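K.L.:
3D model of this:
(chains A and B)
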Amino acid sequence: MNTAYKDWESFQEDMVLAGITPVDTESSSVPTHHLLELCYIPPYNATVVQKLLDQGALLMGKTNLDEFAMGSGSTDGVFGPVKNPWSYSKQYRERQRHDEHGDSHWLITGGSSGGSAAAVAAYTCFAALGSDTGGSTRNPAAHCGLVGFKPSYGLVSRHGLIPLVNSMDVPGIFTRCVDDTAVVLGVLAGHDPKDSTTVQDPIKLPMILGEMDVSRLCIGIPKEYLVPELSSEIRSLWSQAADLFESEGAKVIEVSLPHTCYSIVCYHVLCTSEVASNMARFDGLQYGHRSGIDVSTEAMYAATRQEGFSDVVRGRILSGNFFLLKENYENYFVKAQKVRRLIVRDFMNAFDSGVDVLLTPTTLSEAVPYLEFIKEDNRTRSAQDDIFTQAVNMAGLPAVSVPVALSNQGLPIGLQFIGRAFCDQQLLTVAKWFEKQVQFPTIQLQDLMDDGSLVLENGKLTSVSLT
Amino acid sequence: MSVQASPTLFMAMATAATATSAHPDVVSIARVAPPSSLRRTRSKEMWARALRVRFPATLNRGRGFASKAGPQGKVQEAGQGTHSPRLATQGAGRVPAAKIEHLERLALVNFGSREAVARLEKAIAFADQLHAVDTDGVEPLESVLEDRCVYLRSDNVAEGNCTEELLRNSHHVVEEYFVAPPEMNPQPRNFPKNGQHSYLNKKAHLYTPAHILTPEI
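P.N.:
Residues are numbered from 1 along each chain as shown, chains lettered A, B, ... in the order given. As a prediction, the model looks like this:
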């Protein structure tokens, strides 16, 4: 990007930015998101952050998330849960009963990159970065009415992204429209010598999305994604979206991904195993929280990790260690890797049959109230909510959640498009066409609208004064 | 790393936690309602038929699965009796106390409560569903980039000289060393009596010099 383009960016706490201290109130950043790293000052920038800064982006802040990106609600961070800006929207509030206007019924953003989603949805910044390991960008994007993009694995550098599952993590992008995502992706995509899992394929930059000839498109609808738990509203929207493509001349066919029902189990094993390995580095010795217990090295490590990790993280570490035990390694970890290959093959078969893009729901339902969400534990919720999104991470494919319409409650619903590996540009082109058709409404934040000056152009907020 | 667990630090967990089945059925279906407004730039009449469901055949099959409630239900059918025999020591799904201790030592993370052990047992039961899949002749997939020759940079020093920044993040440093507490049961060392530093003997177990580290975690 050579033009003087003021990008206001936020990114979530598990990407490092050099020099930001916990007590630095001058900068707009906040301390890192988990106790273990509360006093960690990163001595370097993540590649994705550096690339944005090099292009003149202005950092707005670092955002909240589930601790170590584990969760599907952004409710388990050390700084507390994230509130969905749509909880305060006119569209939602006018559909609620009068006595529910208090703040106790606010909605979750989804997760784990909920803070980044909330920041973009509330118009505090142009775009935000998140991470996506099992749907952590697409899930909150759907709940917050945003475009949530997961690039192909290997397209965008993970250097500086604190690893959760090395073979599945990617940085994710939140924006309010698909064109903006293309702008950001055009800056971020490309080989990074510091991340050997980035491919060296040449990428045409800047990424400009052209017009789409829908009649040449083949859309696949995976039948296994039609689960009973899917809300009827989303099911209906999914159906309408398929009709829309067909009415424009696209070929819309049903495809089968037969191992879909095993993907969440497979993900559970692989994720906890990789987590057990990745979290081993947090011992308090070189960085991060360190316990006061000094009796022995082992005791210090154990106490540090006890104090520094939440229950969720500890639970995953212990599960992962179980699956990695010598006696369990073949039966669980290697087995899961084999099942992963079957899942990847399912996708390849679908694309080989002529499908360009798959169309699926992103979430089972619209955003739910926080008080309802926390009735189930983190692992259960993740297993439920990741159902449409995590198989994509297993296969390393690009995917994007596009906001489609408001529910009867006035809350956003998104649908997901999944593309072939490294066909991110084509995927975004399809998403852009679809976005133009559905004309998703702008969030109406009453307090924001009442004061300050706003410039509204084509229903999009282009600039806002927060004074 | 081999460690000796401190008996005061790690609790001996009783395996009183009851075995649990695979995790509960997923969330209830949202309210049935007419579809929300999905606007298009073209004719709105097409959306008047919006209640038509696209794949009636598929949906009928879907309703047939309603009682099984999604993937776990389907897999449960197939997964009967596939619990790993190693787990069935004290009833299906229970993890023995010795295993709990072993995991705590390996992970250097405390279970902390019976609920945590129960959660592990649920996680194991959940994972057991994988055994229903036929993976004969299937190779494990380690990376989706397995067909590519990924970049490996040459073994030249390109960065470093950031000792101060690295040391700044640690709570306890001595000169350029990170300091760790002493070993639990140190082995006697054959140091010569003369010339040995008393500081080394009674104080810290010195760790890694910061200057050989690179900035990344």
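K.L.:
can you pull the poorly scored residue ranges out of the chain?
P.N.:
Using chain A. The model of chain A has pLDDT under 70 over residues A:1-39, A:98-102, A:446-467.
K.L.:
that's the wrong chain, I wanted chain B
P.N.:
For chain B, applying pLDDT under 70 flags the ranges B:1-93, B:184-217.
K.L.:
identify the residues contacting stretch A:373-387?
P.N.:
The contact list for stretch A:373-387 (Cβ atoms under 8 Å, 6 or more residues apart in numbering or on different chains) reads A:66, A:70-73, A:75-76, A:108, A:110, A:134-135, A:139, A:227, A:229, A:264, A:267-268, A:312, A:315-316, A:363-364, B:23-24, B:26-27, B:70-71, B:119, B:122-123, B:126. Placement of C-beta: from N, CA and C, glycine included.
K.L.:
pull out the buried residues from it.
P.N.:
For stretch A:373-387, burial by neighbour count (16 or more other Cβ atoms under 10 Å in any protein chain shown) applies to A:373-374, A:376-387.
K.L.:
going by distance to chain B, which of those residues wins?
P.N.:
A:Gln384 (4.6 Å; Cβ to the nearest Cβ).
K.L.:
now the closest one: how far from A:Trp106?
P.N.:
20 Å (Cβ to Cβ, to the nearest Å).
K.L.:
now swap in A:Leu59 and tell me
P.N.:
Counting by Cβ to Cβ - A:Leu59 and A:Trp106 are separated by 27 Å.
K.L.:
likewise B:Glu175?
P.N.:
In terms of Cβ to Cβ, B:Glu175 sits 51 Å off from A:Trp106.
K.L.:
ok, now B:Ile100?
P.N.:
For B:Ile100, the distance to A:Trp106 - Cβ to Cβ - is 39 Å.
K.L.:
higher neighbour count, the two?
P.N.:
B:Ile100 (23 against 20; other Cβ atoms under 10 Å in any protein chain shown).
K.L.:
wait, the more buried one sits on B:Phe111?
P.N.:
Yes: in this structure, B:Ile100 is within contact of B:Phe111 by Cβ atoms under 8 Å, at 6.2 Å.
K.L.:
would you map the helices across the stretch 201-350 of chain A?
P.N.:
Under the criterion DSSP state H, counting those that start in this stretch, the stretch 201-350 of chain A contains helices at A:232-247, A:260-278, A:297-308, A:311-324, A:326-328, A:335-352.
K.L.:
and the longest helix for chain B?
P.N.:
Identified as the longest helix of chain B according to DSSP state H is helix B:114-127.
K.L.:
and chain A, is that one touching that?
P.N.:
Yes: against chain A, helix B:114-127 shows contacts by Cβ under 8 Å from any Cβ of the partner chain at B:Ala116, B:Arg119, B:Leu120, B:Lys122, B:Ala123, B:Ile124, B:Phe126, B:Ala127.
K.L.:
is there a quick PyMOL command that grabs whichever of these are buried?
P.N.:
Command for PyMOL that selects the buried part of the residues of helix B:114-127 next to chain A, burial taken from 16+ other Cβ under 10 Å:
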select buried, chain B and resi 116+119+120+122+123+124+126+127
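K.L.:
farthest-apart pair in the residues of helix B:114-127 next to chain A, please.
P.N.:
Within the residues of helix B:114-127 next to chain A, B:Ala116 and B:Ala127 form the most distant pair, 16.6 Å apart (Cβ to Cβ).
K.L.:
if we ignore the residues flanking it in sequence, what's nearest residue 150?
P.N.:
Going with chain A. Take A:Lys150 and drop its neighbours on the chain: the residue closest to it by Cβ to Cβ, 6 or more residues apart in numbering or on different chains is A:Asp132, 4.2 Å away.
K.L.:
try again with chain B
P.N.:
Distance criterion Cβ to Cβ, 6+ apart; nearest residue to B:Val150, sequence neighbours excluded, is A:Ser196 at 5.2 Å.
K.L.:
residues contacting that neighbour?
P.N.:
By Cβ under 8 Å, 6+ apart, the neighbours of A:Ser196 are B:Val150, B:Tyr151, B:Leu152, B:Arg153.
K.L.:
my guess is A:Gly354 contacts A:Arg216, does it?
P.N.:
No: if you go by Cβ under 8 Å, A:Gly354 and A:Arg216 don't touch, sitting 11.3 Å apart.
K.L.:
for stretch A:426-440, list the C-alpha coordinates in CSV.
P.N.:
These are the backbone C-alpha positions of stretch A:426-440, laid out as CSV (Å, rounded to 0.1, in the frame of the first residue of the first chain):
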residue,chain,number,x,y,z
GLN,A,426,-11.3,-16.3,-5.3
LEU,A,427,-13.0,-17.0,-2.0
LEU,A,428,-13.1,-13.3,-1.1
THR,A,429,-14.4,-12.5,-4.6
VAL,A,430,-17.3,-14.8,-4.0
ALA,A,431,-17.8,-13.4,-0.5
LYS,A,432,-17.8,-9.8,-1.9
TRP,A,433,-20.5,-10.6,-4.4
PHE,A,434,-22.6,-12.2,-1.8
GLU,A,435,-22.2,-9.3,0.6
LYS,A,436,-23.4,-7.0,-2.0
GLN,A,437,-26.5,-9.0,-2.5
VAL,A,438,-27.5,-9.3,1.1
GLN,A,439,-26.8,-5.7,2.2
PHE,A,440,-26.3,-6.4,5.9
